[in-house]
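> no FASTA, just this:
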């Protein structure tokens, strides 16, 4: 089986290299790629779609443009899998744009070159078939299980709802705290050290990912509303416990 | 040397037991203590102040009442050490209320029965002499160093300023997230798991401690103002990056 990777950023390179242990992996990137990615044979955009399955490793906000651009190259029976951190939006875009003879698979590999540094065994991968031939999805489910990934099969909707309150809230807190420019401290508690790590981890990811997570997952709106309300209530609780009202 | 512990709550019991390895430790609690604390001899309130040093292990909001109540028992040369998580407020109260012949030492042992479960070696203790005989402070500095604590000598003001942005912010985030009733998740990232731990740790402490940390440390007001502003700015950044303005 020939596997293609569309987009050779940090994650695309990592994913291609990982898959190259068991498969022939081909890659295409719209801009020049330097240094050449390990384990991936660079091909033209058109050639890439002679692969059996092509993973889109592009930012969420690029999915619509990319989907439109690659549609002329898609032949019957090909499987296109996105790897986005939101699932409803890319599924909808791909369903709308791709011809009905294209199999569409949603995946969210919940790891990257950092967390997968020492191997990806046991790490979670969200698996959401969107449309197409069952046998293609069975094959990929099997491949991911053979890679010893923790395959989590949920719908795009279930993923987004849960991710808004896990990944979404973590990134939001990380970005909010980043602005406070928190410092290490000799009197740091364990909890505070954990908070600093969250800031570092989330802000290591591109700002674009943060913006896209918040923008393209409609449940993050609810998350932010509930978070704002909770902050308001917590402030209120402090105020009402203070008879003088001066200290707060 | 005889050491007294005033207040035999969770921390008072733990601190008394720890000190009882090297000293005779006596304890008093305003309400009945059950079961009897390990390593601590229960005495009357008056007797407690025949000790050379008495640690106040009471909540921050009780410091003023307790200081007033114990003043008649204080004899010349005694050392009273508070153990509060804020330092400016108890120092000011004790200076105002105690006669000038009482030595006043501020301490903030930054650990408790949970974090000190496997010993307190290397754990931080903030050390802030407030007023009195240098030799008494030298003695306690020496004792804490012999206990292999990380003795951090800073002023009450320095402590509160730094604690507002370490302990204060951590507890605030923990309490805010507690209201969202976050759940464990199969798609939890490492950052999200760290966030859940922060909620658990901070909300394990009494709500009173949270309220007092925010109330009696004037720097937490600035922390909360900056945090609110940062949330506002982050929301604003998301809005302005969204031309339609619908998604946010």
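Nice, I can see it. As the structure is a computational prediction, the values presented were derived from the model and not from experiment.
> geometric centre of chain A: which residue is closest?
In chain A, the C-alpha nearest the mean C-alpha coordinate belongs to residue A:85, at 2.5 Å (CA atoms, centre = their mean).
> list the contacts for it?
A:60, A:108, A:163, A:167, A:209, A:212, A:213 (CB atoms under 8 Å, 6 or more residues apart in numbering or on different chains). (Glycine included, C-beta is placed from N, CA and C.)
> quick one: the helix or strand that contains the last one near chain B?
Using DSSP states H and E, the secondary-structure element containing residue A:213 is helix A:207-216. Yes: Helix A:207-216 lies in contact with chain B when judged by CB under 8 Å from any CB of the partner chain; the contacting residues are A:211, A:214, A:215, A:216.
> so which of the residues you listed is surrounded by the most neighbours?
When neighbours are counted by other CB atoms under 10 Å in any protein chain shown, residue A:214 leads these with 26 neighbours.
> test my guess that that residue contacts residue A:220.
Yes: taking contacts as CB atoms under 8 Å, residue A:214 lies within contact range of residue A:220: 4.8 Å.
> quick one: common contacting residues for those two?
A:168, A:172.
> which element is residue A:230 on?
Per DSSP H and E: helix A:219-240 holds residue A:230.
> how far off centre is that helix?
In terms of CA atoms, centre = their mean, to the nearest Å, the centre of helix A:219-240 is set 27 Å apart from its chain centre.
> repeat for stretch A:39-51
Worked out by CA atoms, centre = their mean, stretch A:39-51 lies 22 Å from the chain centre.
> what is the mean pLDDT for it?
Stretch A:39-51 shows a mean pLDDT of 97.
> before we move on, what about stretch A:159-177?
On average, stretch A:159-177 scores 95.
> close to chain B, is that stretch?
Yes: in terms of CB under 8 Å from any CB, part of stretch A:159-177 sits within range of chain B, namely A:159, A:162-163, A:165-167, A:169-177.
> what do you get for stretch A:88-105?
No: applying CB under 8 Å from any CB, one finds stretch A:88-105 separated from chain B by no less than 10.0 Å.
> stretch A:48-66 too?
No: judged by CB under 8 Å from any CB, stretch A:48-66 stays clear of chain B, getting no closer than 9.8 Å.
> bridged to the closest residue in space to residue A:53 that isn't next to it in sequence, which residues?
Leaving aside its sequence neighbours, residue A:53 sits nearest to residue A:79 (CB to CB, 6 or more residues apart in numbering or on different chains; 4.2 Å). Beta-bridge pairing of residue A:79, defined through DSSP bridges, involves residue A:53, residue A:103.
> so residue A:79 touches residue A:105, yeah?
Yes: the criterion here is CB under 8 Å, and residue A:79 meets it with residue A:105 at 5.8 Å.
> columns distance to residue A:5 and neighbour count on top of the contacts of residue A:85, output as CSV?
Shown next, in CSV, are the contacts of residue A:85 (distance: CB to CB, whole Å; neighbours: other CB atoms under 10 Å in any protein chain shown):
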residue, distance to residue A:5, neighbour count
A:60, 17, 21
A:108, 16, 25
A:163, 23, 28
A:167, 23, 26
A:209, 18, 18
A:212, 19, 21
A:213, 22, 24
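> tabulate those (JSON lines), appending distance to residue B:49.
Listed next are those as JSON lines, based on distance: CB to CB, whole Å:
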{"residue": "A:60", "distance to residue B:49": "67"}
{"residue": "A:108", "distance to residue B:49": "64"}
{"residue": "A:163", "distance to residue B:49": "58"}
{"residue": "A:167", "distance to residue B:49": "56"}
{"residue": "A:209", "distance to residue B:49": "61"}
{"residue": "A:212", "distance to residue B:49": "64"}
{"residue": "A:213", "distance to residue B:49": "59"}
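> ok, so of those, who is nearest residue B:66?
Set against residue B:66, the nearest of the contacts of residue A:85 by CB to CB is residue A:167 (46.4 Å).
> helix/strand/coil for that closest one?
On the three-state scheme (DSSP: H, G, I helix; E, B strand; the rest coil), residue A:167 is labelled helix.
> give the contact list for it.
A:85, A:213, B:187, B:189, B:191, B:192.
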